[in-house]
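Trainee: please work out how this folds:
(one chain, ligands or ions: 1)
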Amino acid sequence: MLRVKELKTIKEILSKMEKDILGDLQERIKSSNVDEQRDIGDMFDDADIEQSREFNLLLSSRERQKLQQIKAALKRMDAKEYGLCEDCGEEIPVGRLKAMPFATMCVKCKSLQESLEGQVAATAEEKA
Ligand SMILES: [Zn+2]
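Mentor: Numbers count the residues shown, from 1 in each chain. Sure thing, here's the model as predicted:
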């Protein structure tokens, strides 16, 4: 299992990522014409954040995806599922998690999945 200290480090990486995205967003809100200038913290605390008009206007789909991944990773931490491969259930090495905090699969399963996806893509191309 991941040690508490390691988990804490990864949690810090995740919250820094979240802060960076929200910080950028805050800047954009300031310089935009959004009428309703709510505090970004309140906005993010809203349960229906994804439905928020301001968010959808100002967040790129990439950023939105990243925020969702951050939330999902934090949720897995709370559920004590974080760091386990969702495919084989083996522990994901902490080094990998630090580099890719959203990783949900171990290297072995991930590369297997990618090679399978590659095969599917290749087959589809042949047919096309
Ligand atoms: Zn695995």
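
Trainee: what's the closest non-adjacent residue to the residue nearest the centre of the chain?
Mentor: By Cα atoms, centre = their mean, the mean C-alpha position of the chain lies nearest to residue 69, the distance being 1.9 Å. Distance criterion Cβ to Cβ, 6 or more residues apart in numbering; nearest residue to residue 69, sequence neighbours excluded, is residue 102 at 4.4 Å. In this view, the C-beta of every residue, glycine as well, is placed from N, C-alpha and C.

Trainee: can you give me the helices for the protein?
Mentor: Counting by DSSP state H, the segments of the chain that form helices are 4-30, 40-45, 53-58, 61-78, 94-99, 107-127.

Trainee: is any residue of the last one near the ion?
Mentor: Right, helix 107-127. Yes. For helix 107-127, a contact with the ion is found by Cβ under 5 Å from the ion, at residue 109.

Trainee: for that helix, which residues meet the burial criterion?
Mentor: 109, 110 (16 or more other Cβ atoms under 10 Å).

Trainee: residue 79 and the ion: what is the separation?
Mentor: 18 Å (Cβ to the ion, to the nearest Å).

Trainee: tell me how many other residues crowd that residue.
Mentor: If you count neighbours by other Cβ atoms under 10 Å, residue 79 ends up with 8.

Trainee: tell me who's in contact with it.
Mentor: Applying Cβ atoms under 8 Å, 6 or more residues apart in numbering to residue 79 gives no contacts.

Trainee: tell me the residues of the protein that contact the ion?
Mentor: 85, 87, 88, 90, 106, 109.

Trainee: same list, these, but as a markdown table with pLDDT please.
Mentor: Output for the residues of the chain next to the ion, formatted as a markdown table (pLDDT from 0 to 100):
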| residue | pLDDT |
| --- | --- |
| 85 | 96 |
| 87 | 95 |
| 88 | 97 |
| 90 | 94 |
| 106 | 95 |
| 109 | 96 |
